[in-house]
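[1] take a look and give me a structure for this.
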Amino acid sequence: MQVRGLLLLLALILVAAAAEAGKNKKEKAKKDGSKCEDWRWGPCVPNSKDCGVGYREGTCKDESKKLKCKIPCNWKKKFGADCKYKFESWGGCSAQTGLKTRSGILKKALYNAQCEEIVYVTKPCSSKIKSKSKGQ
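    A predicted model of the protein is given here:
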């Protein structure tokens, strides 16, 4: 019985220590030394080429900061890496243009980015003809 009580006490101490450690991490993340709340962030500028790791500069009153950022190498350059859209399914192939079209509605604008509310994208129609008799 004493062993069970000792194990229970040990488990409670471990849970309390873990909770305190998590609390300290959150507090450290919040403390950046700035009380400014109206930060204006610029676009993410990659260190080399047009994608990969880079930095984003921000200003607030007389303060300025640089944040590390990353632009995925498959991002839609036309929209910017900070504009996130919810896209519909691809439409049918236009016989006149040979292109498929779909639209996207703005879902989120990161770092106060200036984003279009609705965007349209096109891609060439597939030249492959899919066979429906694969199982025969």
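
[2] break the protein down into its domains, please.
    What the record gives for the chain is the domain set 37-72, 74-124, from the TED database.

[3] for the ones you listed, which one sits closest to V3?
    Across the domains of the chain, V3 has its closest neighbour in domain 37-72 (49.9 Å, Cβ to Cβ). Every residue, glycine included, has its C-beta placed from N, CA and C.

[4] which strands and helices lie in contact with the strand or helix carrying K65?
    Assessed by DSSP states H and E, K65 sits inside strand 63-71. On a contact count with 3 or more Cβ pairs under 8 Å, 6 or more residues apart in numbering; DSSP states H and E, strand 63-71 meets strand 52-60.

[5] strands of the chain, start to end?
    Assigned by DSSP state E, the chain shows strands spanning 40-41, 45-46, 52-60, 63-71, 83-87, 99-109, 118-124.

[6] can you give the strand pairings for the first one, parallel or anti for each?
    Looking at strand 40-41 with DSSP bridges, its paired strands and their directions are strand 52-60 (antiparallel).
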